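[1] here is the input, now give the coordinates:
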Amino acid sequence: MQIVFMNRLSRMSGADQEGLAQLWIGEEEGTWRLGWRDFSGSEETGDSLWYEGGSWNEMLCVYRHELAVKMGDGYRPLIDGAFHDEDSQSGSRNQEQLKLQYFSEQHGNESVYEELCSWRRGKASIERKAPYILASNRLLRMLSAFLPRTLEELLQIPGVGEGKASQYGEDWLGITSAAEREHSFPLGWVHEAVDEEHFVSWQYKQKELKYKKQLERLRLRRVLLQGIEEGLGIEQLKAASGVSRREVLEAVEELEKDGYSVEKLIALELAEVSSSEQAGVWTAYELMGDTFLKPVLFKAYGEGFSPAEGLDVYYERLRLIRIRYRRGQSAKLEGATNL
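    As a prediction, this is how the structure comes out:
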């Protein structure tokens, strides 16, 4: 086996005892291997194989996730840039914002946070928008921790721009201003209030979660592509992947966007749906657009449509037909561009 990458890491494990480890990537006849080796002084105390397979992308996801776990545990690499990705947390402004996020997760006012979440649910229902579009959990956490009382203070919270402030600022301030606070604005004091070592470990925990999601997504895609090729339906793909039918459909939509063929699955799932019903949905997309499913549903099936079997099966049909519709629109656009 040819070693193509190696890095040494160290960790202070108490009483001035330094723990050492080695991370390596090797390749042999198209098979990638990723491993971790622990040392105690000059003696090896453990060796574990993290990955063995033919996918460079999957191996790289495993590498980043497992390395983030180790660095969250206190290991630090001899060679910087150990993650080999485009994500950089070295910018001073980015570091300041991350520290505000970290502090808010440790010191948020839970009752204020719950009140903000309640506001978001109600507002999202009124505006018919997904709650995260109004405000992310991260933003609500920061609002609950720093408790701005004025528009000027509100605009110092990362994620709040002039647009969000004008739309929802009055509502937010009505909630945050009512709570007592022990700190002041501006928020430069947060830098000194944060324990640096705990903050660094928290950063690696964020990386761990990020790379875990990437790895799960990559493995899900592999299972779905193999299943679609074998002629499996959504219910079978759900069983094979261990995710919900909705998550299967969302991943299938991503596969289509990335250029993979999912037509075999669509044809299988829509085989029992009449051509007239499919044509009605297609027309509804032409009239209502393809961004939101609810208006298309009622346009295709009628206002107040409420079948005894529930709406889930119809929303699945809409999503599958939307894949075809978007594919057709892209083909038209490409054809027009080539004229």
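[2] and the nearest residue to residue 55 once chain neighbours are set aside, how many neighbours does it have?
    Take residue 55 and drop its neighbours on the chain: the residue closest to it by Cβ to Cβ, 6 or more residues apart in numbering is residue 32, 7.4 Å away. Just so you know, the C-beta spots here come from the backbone N, C-alpha and C atoms, and that holds for glycine as well. Neighbour count for residue 32, taken as other Cβ atoms under 10 Å: 21.
[3] residue 32: helix or strand, and which one exactly?
    strand 31-40 (DSSP states H and E).
[4] and residue 119, by the same measure?
    Residue 119 is located in helix 110-127, with elements delineated by DSSP H and E.
[5] that helix: what's the following helix or strand?
    Next element after helix 110-127 (DSSP H and E): helix 131-134.
[6] and the next helix or strand past that following helix?
    Per DSSP H and E, the first helix or strand lying C-terminal to helix 131-134 is helix 137-146.
[7] this protein - how does it break down into domains?
    Using automatic domain parsing, the domain parsing of the chain gives 2-77, 101-190, 215-265, 270-338.
[8] by mean pLDDT, show me the worst of those domains.
    Lowest mean pLDDT within these: domain 2-77, at a mean of 83.
[9] now do the end-to-end distance for it.
    End-to-end span of domain 2-77 (Cα to Cα, to the nearest Å): 22 Å.
[10] quick check: residue 22 touching residue 48?
    No: using Cβ atoms under 8 Å, residue 22 makes no contact with residue 48, being 11.4 Å away.
[11] which residues do these two both contact?
    When contacts are counted by Cβ atoms under 8 Å, 6 or more residues apart in numbering, residue 22 and residue 48 are jointly contacted by 36-37.
[12] before we move on, back to that, the domains of the chain: which one's closest to residue 200?
    Closest of those to residue 200 is domain 2-77, at 8.4 Å (criterion: Cβ to Cβ).
[13] how far is the closest one from where the chain is centred?
    25 Å (Cα atoms, centre = their mean, to the nearest Å).
[14] again with stretch 298-311
    32 Å.
[15] follow-up on the earlier one: any idea how far residue 66 is from the residue nearest to residue 55?
    14 Å (Cβ to Cβ, to the nearest Å).
[16] show me what the helix or strand harbouring residue 26 is packed up against.
    Assigned by DSSP H and E, residue 26 belongs to strand 18-28. Of the remaining helices and strands, those touching strand 18-28 by 3 or more Cβ pairs under 8 Å, 6 or more residues apart in numbering; DSSP states H and E are strand 2-12, strand 31-40, helix 56-72.
[17] which residues touch the shortest one?
    Outside strand 31-40, the residues within contact range by Cβ under 8 Å, 6+ apart are 1, 19-27, 44-56, 59, 62-63, 66, 70.
[18] select only the buried ones of those residues in ChimeraX?
    In ChimeraX syntax, the buried subset of these is picked out as below (16 or more other Cβ atoms under 10 Å):
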select :19,20,21,22,23,24,25,26,50,51,59,62,63,66,70
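[19] looking at the helices and strands packed on strand 18-28, which is nearest to residue 280?
    The nearest among the helices and strands packed on strand 18-28, by Cβ to Cβ, is helix 56-72 at 40.4 Å.
[20] packing partners for the closest one?
    In terms of contacts (3+ Cβ pairs under 8 Å, 6+ apart), helix 56-72 is packed against strand 18-28, strand 31-40, strand 43-53, helix 196-229.
[21] which parts of the strand holding residue 32 are buried?
    Within strand 31-40, the residues that count as buried by 16+ other Cβ under 10 Å are 32-37, 39.
[22] now do stretch 191-203
    194, 199-200, 202-203.
[23] could you dump stretch 212-230 to CSV, C-alpha only?
    This file holds the C-alpha atoms of stretch 212-230, laid out as CSV (Å, rounded to 0.1, in the frame of the first residue of the first chain):
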residue,chain,number,x,y,z
LYS,A,212,-21.5,13.9,9.7
LYS,A,213,-24.4,15.3,7.7
GLN,A,214,-22.2,15.3,4.5
LEU,A,215,-21.3,11.7,5.1
GLU,A,216,-24.9,10.7,5.7
ARG,A,217,-26.0,12.5,2.6
LEU,A,218,-23.3,10.9,0.5
ARG,A,219,-24.2,7.4,1.7
LEU,A,220,-27.9,8.0,1.2
ARG,A,221,-27.3,9.1,-2.4
ARG,A,222,-25.3,5.9,-3.0
VAL,A,223,-28.1,3.7,-1.6
LEU,A,224,-30.7,5.5,-3.6
LEU,A,225,-28.8,5.4,-6.9
GLN,A,226,-28.2,1.7,-6.5
GLY,A,227,-31.9,1.1,-5.5
ILE,A,228,-33.3,3.2,-8.4
GLU,A,229,-31.1,1.2,-10.8
GLU,A,230,-32.4,-2.0,-9.4
